[in-house]
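Colleague: Quick one, what's the 3D model for this:
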Amino acid sequence: MKKFTLTSFIKVASTFLFFFPQFHNAQCVAPTPSASGATIACGQSATLTASGANAYNWYSNPQGSQLVGTGAVFSTPLLSNTTTFYVQSTAGVANTVLNFTNCGATGETGPTLAQMNASYAGTSLAGLVSSTIQGIQEWTVPSTGTYTITAAGAKGGDANNAVGGSGRSITITTTLTQGHVIKILVGQQGGNLYFSTG
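Modeller: I've put the predicted structure just below:
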């Protein structure tokens, strides 16, 4: 399962706009590959081909502890009885946590593309975030699948003796489609307001 982190989201045309008021993460899982079976005569080898992802591991058991091959094409050893092999995708940002942040920006306009690039350099988001509007981070879904998205709201600002409320978080699970651009807006903690009357 792919995993993310979100406060609120709205669908705008065919694009999701996620509001991330503070620090959030997204974890993606590789797509589920498919492979067709093969029928052979006793004592022959079979060639199995997987599709639906970019990289694969082949196993002789469903737990995935007996690795027998890698790659889209797997040639079995000589077989003398009905044998089942298992394939798993290992490509893309599978099982990677993606942490979308405010990239060190403060104020109402949010980070520039240069700030995003500098902030995400050396992370799992390096080279994966673009921006056409300052403050809006754009991330392209790498593969169709189920994603879990969690977002947390920032703490509210303080006013005189009143302390701002704590942020809340929400987690959803949804299907995202490969190639869709997800627009992410990351805010900051609310500002403080001090006033006097009279």
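Colleague: got a pLDDT number for residue 109?
Modeller: Residue 109 carries a pLDDT value of 84.
Colleague: Just give the nearest non-adjacent residue to residue 38, would you?
Modeller: residue 46 (3.9 Å; CB to CB, 6 or more residues apart in numbering). Using the backbone N, CA and C atoms, a C-beta is placed for each residue, glycine as well.
Colleague: so who does the one you found touch?
Modeller: 38, 40, 75-76, 79 (CB atoms under 8 Å, 6 or more residues apart in numbering).
Colleague: Verify the stated contact: residue 66 with residue 60.
Modeller: Yes - counting by CB atoms under 8 Å, residue 66 touches residue 60, with 4.3 Å between them.
Colleague: Look at these two and report which has more neighbours.
Modeller: More crowded of residue 66 and residue 60, by other CB atoms under 10 Å: residue 60, with 16 against 12.
Colleague: what's the distance between the more buried one and residue 163?
Modeller: Shown here: residue 60 relative to residue 163, a distance of 59 Å by CB to CB, to the nearest Å.
Colleague: swap in residue 185?
Modeller: Residue 185 is 25 Å from residue 163, by CB to CB.
Colleague: more neighbours, these two?
Modeller: With neighbours defined as other CB under 10 Å, residue 185 and residue 163 compare such that residue 185 has more, 17 against 10.
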